[in-house]
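Novice: Let me see the structure of the following:
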Amino acid sequence: MWNSIFKIILPVIFLCLPLHVYSQTNQELYQLYQEKNYNQLKEKYEKVKANLSKAEQIFFDTIFIKDAEKAFQVYKDLFQDSNGKLKYYCGERLKDFYYAKGYYSTASDYEKYLVDNSHLIEEKSFSNANYDSEIIDEEKLFIQVGAFGLKENAKQMSDMLNTQKIKSKIKIRHVNNKDLFCVWVLGKEDFKQTLKLADELKQKYHLDYKIIKE
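Specialist: As a prediction, this is how the structure comes out:
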């Protein structure tokens, strides 16, 4: 009897294992991408590339394409055909491309998509770092201008912004059992004004940003 049971259970166990490994691999790659750690991302990606879906392979391959116009077209097609987290990150790349080209209206449309779908990538488990901060009201907009693996790096950016009279704080995101220290600037009353402030920060301080609704 036990032999029969094992014959049924063992194949199921082995089928489940690759799914767990696949999920963990995805999370690690996306975390490296969020941190803009492209050297480590490329190294990790080459090792696990064969385990990813075709769409994910296209996305990560395109990150390292030097031809911006070619990369733009790939992300545009992938944005239309994908969903979930992958679609979100394609939208992020397209937003940056349109801003760089000066197509602010189109870039704003993608920015609105990112804000409306931030739940696809944002962890709901946040906690305050050990710095003074005000209590955050519900449904406020924030501008994330940096995300670091080291708290000291996040504090340096936050201190720099504070010296420029730009009120910022550090929030901790818990990703893959690791802490990611994010620098947040409080947004304005609505999306349009917050986007304008984010663009001003980017132009003046050369900071990439992500608008977050909490």
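Novice: Spatially central residue for this protein, please.
Specialist: In the chain, the C-alpha nearest the mean C-alpha coordinate belongs to Gln34, at 4.3 Å (CA atoms, centre = their mean).
Novice: Just the pLDDT for that residue.
Specialist: Among the per-residue scores, Gln34 holds a pLDDT of 76.
Novice: same deal with Ile170?
Specialist: So Ile170 comes in at 91 (pLDDT).
Novice: For the helix or strand containing it, enumerate the helices and strands it packs against.
Specialist: Per DSSP states H and E: Ile170 is located in strand 168-175. Judged by 3 or more CB pairs under 8 Å, 6 or more residues apart in numbering; DSSP states H and E, strand 168-175 is in contact with helix 2-34, strand 126-128, helix 151-163, strand 178-186. (C-beta placed from N, C-alpha, C; glycine too.)
Novice: weakest of those by average pLDDT?
Specialist: strand 126-128 (a mean of 33).
Novice: Check the offset of whichever helix or strand comes after it from the chain's centre.
Specialist: Going down the chain from strand 126-128, the next helix or strand is strand 141-148, by DSSP H and E. Centre-to-centre, strand 141-148 and its host chain are 10 Å apart (CA atoms, centre = their mean, to the nearest Å).
Novice: Neighbouring strands - and their directions - for strand 141-148?
Specialist: According to DSSP bridges, strand 141-148 has the following sheet partners: strand 178-186 (antiparallel), strand 210-213 (antiparallel).
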